[in-house]
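Enquirer: mind folding the following:
(2 chains)
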Amino acid sequence: MDKAAASPLATYLAHLEQDQLAYQFSPEANAPVFFPRVICPTTGSANLEWRISAGLGTVYATTVVHPQQGGPYNVALIDVDEGFRMMSRVEDIPPAQVRIGMRVQFRTHRPGGDEPPCPVFHPVEAP
Amino acid sequence: MRGLQRGSAAIVGVAESDIGAVADLMSPIDLMAQGIQRALVDCGLTLRDVDGLFCATTQARTSAMSLVEYLDLPNAYTDSTIVGGSSFEIHIAHAVAAINAGLCSVAVIAYGSTQRTVGRRASSVREYNPYETPFKPFLPASAYALAASRHMHEYGTTREQLAEVAVAARQWALLNPAAWEKKPLTVVDVIAARPISDPFTVRDCCLVTDGGGAVIVTSVERAKSLKKPPIYILGCGQSITHATISFMPNLTVSGAVESGRQAYVMAGLTAKDIDVAELYDAFTLNTILFLEDLGFCQKGEGGPFISGGRIAPGGALPVNTNGGGLSYCHPGMYGLFLLIEAVRQLRGECGQRQVTDCETAIVHGNGGVLSAQSTVILGTPSTL
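Expert: This next block holds a predicted model:
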């Protein structure tokens, strides 16, 4: 068997570096796979394609964390339109104003230093 | 659970170690050993009768090895399955299987934690998860808070109903001399407490205490000749649906539906047949969620179901009669204490908080972030 050229996480992060929210798709299961893996959990197959999300989603669940030091911040679960769910946060509005069902859009957050980029969301502009 | 037989093993001894805030420099294994010694006294067996060790703690990577060394039991059958707080309910199923397969005859299930003394960060180091850690969820609270947000959204569960769970737990704790919390609590107190992760305040969250204990399981034959009436293991079930909250299939339905189904089928009982429920209340949402998932009420009706004191002392359904993880004690992983309280209720040893005519108990363990669900149904000799 061929040795894996890159880990699922490294591939995911490399896409994020290019401002792309990547996920896997299992052709045999005809279903998205997220978090990224080396095999499809439905079929057990190693045949997984990488796809790029359009970056739109809906808030599935939300909380405001109140740390002992520093201000409160949002943590949310986002249902991305391509059919997978991920943890993230909704920015640009006060954390308590994040609502379940809110439409949100992805962007890359770059914390700097040694920390890798991460996908965050902001409310979709009203049409 | 498939392959296990109703009433084929029994719990014969239970005990807590020291709990709350233990003596300085006590180790988790000290607390396991202390619990084991007291549980052996409870049933009249001795350490040399023990040939099976089941244990878990976040403070010892190879806890079974440490416990074997401590007790000098090199030939003991060992199992240190660890899936969070429900590990000990799973150990019950594993102990039943091991006893029936002849792998051991007297199984000890033990736990110990000094998380209050050494601090939560030191006692339970959280693994880095590249898909969650960057967003700084305050775990485990934020995971349960996310589930609560969804339950409130889908079913109209209210902030007050969540608070009522904590109030009921406190009322039970006030009847339990061993409980950590000693003062009355109101719905207003819960809501006005320090916020942790919305909708939870610190009063919606389990305590941070030290503690440990042990439960002794043996064959039906051996159980009959011991000090106290055997408490039979009628049903067991297990379902692990995820490890991280992002990947829980549905935040308002837990694996308790499946673990409960397995346990009820094995026991030949339904929720209507249960006299007392000990449900892992790491957060106030849990009690509501598990009452729904274990069939005590319909999905989404848990909030109205618990209100008006229904699960408090004097209510129609006694739940978490020791005060629970919210008010009695919560040393990191709480599952063992649910078993201890259920056995004491079934034996009629609970004094002021004793449930009358208590013949059947459901014990529901929860591990991780609503991840690992395990149900055990216990009964007095009359239920066999």
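Enquirer: quick one, what contacts the most centrally placed residue in chain B?
Expert: Centroid check for chain B by Cα atoms, centre = their mean gives residue B:335 as the closest residue, at 2.6 Å. The contact partners of residue B:335, taken as Cβ atoms under 8 Å, 6 or more residues apart in numbering or on different chains, are B:85-89, B:111, B:280, B:365-367, B:374. Quick note: C-beta positions are derived from backbone N, CA and C, even for glycine.
Enquirer: tell me the buried residues within those residues.
Expert: Listed as buried from the contacts of residue B:335 are B:85-89, B:111, B:280, B:365-367, B:374; burial here means 16 or more other Cβ atoms under 10 Å in any protein chain shown.
Enquirer: which of those fall within strands?
Expert: Members of the buried ones among the contacts of residue B:335 lying in strands (criterion: DSSP state E): B:111, B:365-367, B:374.
Enquirer: of the residues you listed, closest to residue B:195?
Expert: Nearest to residue B:195 out of these is residue B:366 (Cβ to Cβ; 22.9 Å).
Enquirer: quick one: the strands in chain B?
Expert: Using DSSP E, strands in chain B cover B:9-16, B:52-56, B:77-79, B:106-113, B:195-197, B:200-201, B:211-219, B:231-240, B:276-279, B:360-367, B:372-379.
Enquirer: in JSON lines: these, plus mean pLDDT.
Expert: Listed next are these as JSON lines, based on pLDDT from 0 to 100:
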{"stretch": "strand B:9-16", "mean pLDDT": "98"}
{"stretch": "strand B:52-56", "mean pLDDT": "98"}
{"stretch": "strand B:77-79", "mean pLDDT": "98"}
{"stretch": "strand B:106-113", "mean pLDDT": "98"}
{"stretch": "strand B:195-197", "mean pLDDT": "98"}
{"stretch": "strand B:200-201", "mean pLDDT": "98"}
{"stretch": "strand B:211-219", "mean pLDDT": "98"}
{"stretch": "strand B:231-240", "mean pLDDT": "98"}
{"stretch": "strand B:276-279", "mean pLDDT": "98"}
{"stretch": "strand B:360-367", "mean pLDDT": "98"}
{"stretch": "strand B:372-379", "mean pLDDT": "98"}
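Enquirer: and those strands as CSV, adding distance to chain A?
Expert: Shown next, in CSV, are those (distance: least, Cβ to the nearest Cβ, whole Å):
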stretch, distance to chain A
strand B:9-16, 30
strand B:52-56, 26
strand B:77-79, 26
strand B:106-113, 22
strand B:195-197, 4
strand B:200-201, 8
strand B:211-219, 24
strand B:231-240, 13
strand B:276-279, 22
strand B:360-367, 18
strand B:372-379, 17
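Enquirer: could you dump the ones you listed into CSV and include distance to residue B:100?
Expert: Below are those laid out as CSV (distance: least, Cβ to Cβ, whole Å):
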stretch, distance to residue B:100
strand B:9-16, 7
strand B:52-56, 12
strand B:77-79, 13
strand B:106-113, 11
strand B:195-197, 43
strand B:200-201, 42
strand B:211-219, 8
strand B:231-240, 11
strand B:276-279, 24
strand B:360-367, 20
strand B:372-379, 16
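Enquirer: confirm for me that residue B:14 is in contact with residue B:228.
Expert: No: at 9.4 Å, residue B:14 does not count as touching residue B:228 under the criterion of Cβ atoms under 8 Å.
Enquirer: thanks a lot, see you next time.
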